[in-house]
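Participant: Below is the sequence, then the predicted model.
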Amino acid sequence: MKRIVASLILAFATFACSQQDSEPSTSSAYSSHVDPSVYAAAVASSSRPEADLGRDAGRKPADVLEFFGIAPGMSVLDLFSGGGYYAEILSNLVGPNGRVVAHSNLRYLDFVGDEFKARHADNRLANVDVLMAENNELELNADQFDAILMVLSYHDTYWVDPENGWPKINIPQLHAELFDSLKPGGTLGLIDHYATAGSPRETGGTLHRIDRVIVIAELEDAGFVLDAKSDMLRNMEDDHTLGVFDPSVRGKTDRFVLRFKKPE
């Protein structure tokens, strides 16, 4: 796997849907065998950057990671890690016996500026490996991860902008690689912005939103099993017709939370 360790300098830088679905629905924690205090402790770490703390109220990371069942000692892939907000909390949560792979690519690095570089500089997160891999070049190993997170990034699989470093993603190939890289019984945890019910796939590349029905259908076709869904990040004040970077909704969009499993 093409991996660049964190110490290197990174110079290159809707609701109607929910009424139609019949999947399992729960807001309870999946990892009942894990002391809930470990999630609060991972978020409360004094080493977390001040900017991250200001995002916690809207993102509810302790609740999200408990729902996904992430536990100490796990190996976790943070796919399209962005600035690394979740990678850092995962680092705290899985602990010294666990491992986190924070994935990014050139286009994402351009978008987040210096945030990703600063977060991973000087081996700051010792149990995190940085994976720099462009679209269609992940090259993951089979049965490598206990869990994979896709946080506000699934819609980007439908973004196509090759002139600016985002070639069209081979979605079936990506799904197959993610499925194979999970251990049997492993979890795919997914969060994304609600699109208006019935919106086409292309909305992922225009408004950066996606119809939840599309996500569920595609991942089930790839072999994943929908295990649970949660309304913990819903915001019924969000206007689903606006792009997620519109100032009136940015940072407070209506979001769905899904937990998929790879069959044993």
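Facilitator: That came through fine.
Participant: Within the helices and strands, which one has A40?
Facilitator: Using DSSP states H and E, the element containing A40 is helix 37-44.
Participant: Buried residues, that helix. List them.
Facilitator: V38, Y39, A42, V43 (16 or more other Cβ atoms under 10 Å). The way it works is simple: take the backbone N, C-alpha and C, and place the C-beta from them, glycine included.
Participant: Show me what that helix is packed up against.
Facilitator: Helix 37-44 is packed against helix 61-68, helix 85-94, with contacts defined by 3 or more Cβ pairs under 8 Å, 6 or more residues apart in numbering; DSSP states H and E.
Participant: of all the buried residues of helix 37-44, which two lie farthest apart?
Facilitator: Spatial extent of the buried residues of helix 37-44 (Cβ to Cβ) is set by the pair V38 and V43 at 10.0 Å.
Participant: what's the distance between the residue lying closest to V76 once chain neighbours are set aside and D35?
Facilitator: Take V76 and drop its neighbours on the chain: the residue closest to it by Cβ to Cβ, 6 or more residues apart in numbering is A147, 4.8 Å away. According to Cβ to Cβ, to the nearest Å, A147 and D35 sit 18 Å apart.
Participant: With F256 instead?
Facilitator: In this view, F256 and D35 are 27 Å apart by Cβ to Cβ.
Participant: do the same with L242
Facilitator: To D35, L242 is 40 Å away according to Cβ to Cβ.
Participant: more neighbours, these two?
Facilitator: The residue with more neighbours, out of L242 and D35, is L242; 15 against 11, by other Cβ atoms under 10 Å.
Participant: That one contacts T203, doesn't it?
Facilitator: No - counting by Cβ atoms under 8 Å, L242 does not reach T203; the two are 11.6 Å apart.
Participant: in this protein, which spans are strands?
Facilitator: Secondary structure of the chain (DSSP state E): strands located at 4-5, 75-79, 99-104, 128-132, 145-151, 182-193, 225-230, 255-261.
Participant: Dump those strands to a markdown table, plus distance to K117.
Facilitator: Listed next are the strands of the chain as a markdown table, based on distance: least, Cβ to Cβ, whole Å:
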| stretch | distance to K117 |
| --- | --- |
| strand 4-5 | 11 |
| strand 75-79 | 16 |
| strand 99-104 | 10 |
| strand 128-132 | 10 |
| strand 145-151 | 19 |
| strand 182-193 | 24 |
| strand 225-230 | 32 |
| strand 255-261 | 27 |
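Participant: Of those strands, which is nearest I216?
Facilitator: Shortest distance between I216 and those, using Cβ to Cβ, is found for strand 225-230: 5.8 Å.
Participant: list the buried ones in that closest one?
Facilitator: Neighbour-count burial for strand 225-230 [16+ other Cβ under 10 Å]: L226, D227, A228, K229, S230.
Participant: now, which of the residues you listed sits nearest K261?
Facilitator: Nearest member of the buried residues of strand 225-230 to K261, counting by Cβ to Cβ, is D227, at 4.6 Å.
Participant: how much space between that closest one and V38?
Facilitator: Distance, D227 to V38, by Cβ to Cβ: 21 Å.
Participant: And L233, by the same measure?
Facilitator: Going from L233 to V38 by Cβ to Cβ gives 21 Å.
Participant: next one: L140
Facilitator: Distance, L140 to V38, using Cβ to Cβ: 27 Å.
Participant: for I210, same thing?
Facilitator: Applying Cβ to Cβ, the value for I210 to V38 is 31 Å.
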